[in-house]
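> Got a predicted structure here, sequence first:
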Amino acid sequence: MIEINSLTKVYPGNVRALDGIDLNIGSGMFGLVGPNGAGKTSLMRILAGLIRPSTGNVRVLGHDMSTMEGKFAAKAVLGYLPQELGLYPNLTGREFLDYIAILKGVTDRQTRKRQIDELLEEVRLTDAADRRLKTYSGGMKRRIGVAQSLLGNPKLLIVDEPTVGLDPEERVRFRNLLSSMAARCTVILSTHIVEDISHSCNDLAVINKGKVIFRGAPSELVLKARGKVWSITTDGAQPNGGLLVVSTLQMQNGVQYRVLGVPDSAYQATPIEPSLEDAYILLAQEARSLTT
């Protein structure tokens, strides 16, 4: 579906956002995870044909993104939800979708109406369709963003940091919506929130400082952390000795710490099954140690 070879992006001031990215992405939902500033948005914008890479090659659904013909052909089958979607606050949800559909080339009025009605139902905004966008909550704006990205029945959906600023209930609803989308098209989900990936994707890449530092299934990444996650209960003193504390829980007999690393035998630590977040934190920590 998507082939990325030796991709770099250098901005003015010699700011290297991407540094030799190689990735092949197939069908289903693919997760791209990394800290803020890792280069995720630059990669998404290159895949969407919005910016040019400095060097390297990208093919999206067989189309060469270095040519105008390839970009036009890819954009015709592409849905894109950027991190910040520009909305027209005085338009209603239905008017906004109608406008975007026309821009996407859905010119037949009846076809547009059918698609818009179906998508409003799918993102659960039918009852709010005739309200102005300026009255929408953050979660509703995200859902109208998904609806506009699905107009024209795209074969590829690119979603950049979709759950930032959403409350827990909206985040769960949004993840479920994206999972249902993966049944009809390829979905690339870019995020720094590991939980979004763990609940949605069966294939992922971790990017850090413009480089891919892991590629595989979430279960493979979790496996790398096995034997390095522990539970330690103390009278309140935080464990030290190079351990990284990822969570704390106040107990009746003290404080329970979830830590990463190799604890001293004096702590009487109990090994626990790692989560994807544990594995991601360990991977990021290892990547930082290699660059320092």
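On my side now, so go ahead. Numbering: from 1, shown residues only.

> The residue nearest to residue 138 when sequence neighbours are not counted in helix, strand or coil?
Of all residues not flanking residue 138 in the chain, residue 165 sits nearest, at 5.2 Å (CB to CB, 6 or more residues apart in numbering). No exception for glycine: its C-beta is placed from N, CA and C like everyone else's. Per DSSP: H, G, I helix; E, B strand; the rest coil, the local secondary structure of residue 165 is coil.

> Just give me the neighbour total for residue 279.
Neighbourhood size, residue 279 [other CB atoms under 10 Å]: 26.

> Excluding covalently adjacent residues, which one is nearest to it?
residue 225 (3.9 Å).

> Report the contact partners of that neighbour.
260, 274, 278-279, 282 (CB atoms under 8 Å, 6 or more residues apart in numbering).

> where exactly do the helices run in the stretch 1-150 of the chain?
40-47, 68-75, 93-103, 109-122, 138-150 (DSSP state H, counting those that start in this stretch).

> Next up, the contacts around residue 208.
Going by CB under 8 Å, 6+ apart, residue 208 touches 34-35, 38, 284, 287.

> Can you add distance to residue 158 and give the helices of the stretch 1-150 of the chain back as TSV?
Listed next are these as TSV, based on distance: least, CB to CB, whole Å:
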stretch	distance to residue 158
helix 40-47	5
helix 68-75	11
helix 93-103	16
helix 109-122	17
helix 138-150	8
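
> Need the winner for burial among the ones you listed.
helix 40-47 (a mean of 24; mean count of other CB atoms under 10 Å).

> which residue is nearest the middle of the chain?
The centroid of the chain falls nearest to residue 190 when counting by CA atoms, centre = their mean (2.2 Å).

> Go ahead and measure how far the longest helix seen in the chain is from the middle of the chain.
Counting residues, the longest helix found in the chain (DSSP state H) is helix 276-291. In terms of CA atoms, centre = their mean, to the nearest Å, the centre of helix 276-291 is found 18 Å from the chain centre.
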